[in-house]
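Peer 1: mind looking at a prediction? Sequence and model below.
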Amino acid sequence: MQITKIEEHIHLIDLKPNGIENFVASYVLLGENAAIVESGPALTAQKLLLSLKKLGVKPEDVTYVAVSHIHLDHGGGVGILLKHLPKASLIVHQRGGIHTANPQSLWTASKKALGRLAQMYGKPEPVAQERIIVGTDGMVLDIGNNVKLRVVETLGHASHHLTYYETLSQGIFTGDAAGIYLNKHNVVVPTSPAPFHLDIALASLRKLINLKSKFLYYSHFGKAENSVEKLQAYGEQLKLWAKIAARGIEKGENLEAIRKKIIETDSALQKTGEFIRSHPILNKTVLLQSIEGIVRYVEKTGYSDHLA
Ligand SMILES: [Zn+2]
């Protein structure tokens, strides 16, 4: 892994699952105590523990492990982490909490949805019920020395999604609510696998825009400036995809034809050249699953709503 100091009190850890860099991030916040935002996958949990050691954080100093949602790349490692962090509580959305306590059905569903990617992230271990704190909108996690996280419920990508606003740096830990930031291309692309809820995701984006934050700390991947512009552009991109999907469905086109049209039309995708197509994870998650998630949403909600 690689540790990068991105603020005086925030370190970014590149967890590099299966050696893939610049893709899955975890963040360590240092106040009077310490907190982790995003456990990352189960198979990289040991790397994260080693990063804490390198940063001089004692296991008993960590009071919170806050996850955006329970998908394997964001919350899969929390069971292992908590075994080594005796004073830490897990912060998770209520609908995610039950699956962290008993991850068997999550693991079965993940294997089905992700295939070999699930094996690459690893099987989650359970978290003891008494160590789970349900994160609710507006809740503040105090890490001391003025370092605080405010929970913002941001559903849409998942029905169990939270983001965290860090008040000192005025930055948002976005999880998957603001898309995937390809930092080398300065481009954001959708993460909208089924069952994606566009209307709810857009409402969540408006909530984040209203925070007028200075920075975004993406789980995929890293710190970005021009926060409000990026959030707005992401909303427009999702609407564009839905509109293309609606036109395609109206004409009776199949998923493949709609996919082709989205890839040809979306200027952000165009800017990345062959990068996404040749990426070991993004090809499947963005070009296959995210596009399919939007198409399914449009089919379900009635395409005519999206044509305007
Ligand atoms: Zn993700």
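Peer 2: Looks like it arrived, so ask away. Numbering: from 1, shown residues only.

Peer 1: give me the number of residues near E229?
Peer 2: Taking other Cβ atoms under 10 Å as the neighbour definition, E229 ends up with a count of 11. All C-beta spots, glycine's among them, are computed from the backbone N, C-alpha and C.

Peer 1: now do Q46
Peer 2: The local packing of Q46 (other Cβ under 10 Å) involves 14 other residues.

Peer 1: try P280
Peer 2: 13.

Peer 1: secondary structure element for it?
Peer 2: Following DSSP states H and E, one finds P280 outside all helices and strands.

Peer 1: do the same with E236
Peer 2: helix 227-250.

Peer 1: which parts of the helix or strand following that helix are buried?
Peer 2: Using DSSP H and E, the helix or strand that follows helix 227-250 in sequence is helix 255-265. Buried residues in helix 255-265, counted by 16 or more other Cβ atoms under 10 Å: L255, I258, R259, K261, I262, I263.

Peer 1: just the C-alphas of the helix or strand encompassing Q270, formatted as CSV.
Peer 2: Using DSSP H and E, Q270 sits in helix 267-271. C-alpha atoms of helix 267-271 as CSV (Å, rounded to 0.1, in the frame of the first residue of the first chain):
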residue,chain,number,x,y,z
SER,A,267,-17.6,13.1,-23.4
ALA,A,268,-16.2,12.0,-20.0
LEU,A,269,-15.9,8.4,-21.2
GLN,A,270,-14.4,9.6,-24.5
LYS,A,271,-11.7,11.6,-22.6
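
Peer 1: CA atoms of stretch 77-88 as CSV?
Peer 2: Only the C-alpha atoms of stretch 77-88 are listed here, as CSV (Å, rounded to 0.1, in the frame of the first residue of the first chain):
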residue,chain,number,x,y,z
GLY,A,77,-12.7,-5.5,5.7
VAL,A,78,-14.4,-4.1,8.7
GLY,A,79,-14.9,-7.5,10.6
ILE,A,80,-11.1,-8.1,10.4
LEU,A,81,-10.2,-4.6,11.3
LEU,A,82,-12.4,-4.5,14.4
LYS,A,83,-10.8,-7.7,15.7
HIS,A,84,-7.5,-5.7,15.9
LEU,A,85,-8.9,-2.4,17.0
PRO,A,86,-10.3,-3.0,20.5
LYS,A,87,-12.0,0.3,21.1
ALA,A,88,-13.4,0.9,17.6
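
Peer 1: so does that stretch get close to the ion?
Peer 2: No: Stretch 77-88 lies out of reach of the ion by Cβ under 5 Å from the ion, never closer than 13.0 Å.

Peer 1: buried sites along that stretch?
Peer 2: So, applying 16+ other Cβ under 10 Å, buried residues of stretch 77-88: G77, V78, G79, I80, L81, L82, L85, A88.

Peer 1: now intersect these with the helices, please.
Peer 2: Among the buried residues of stretch 77-88, DSSP state H puts V78, G79, I80, L81, L82 in helices.
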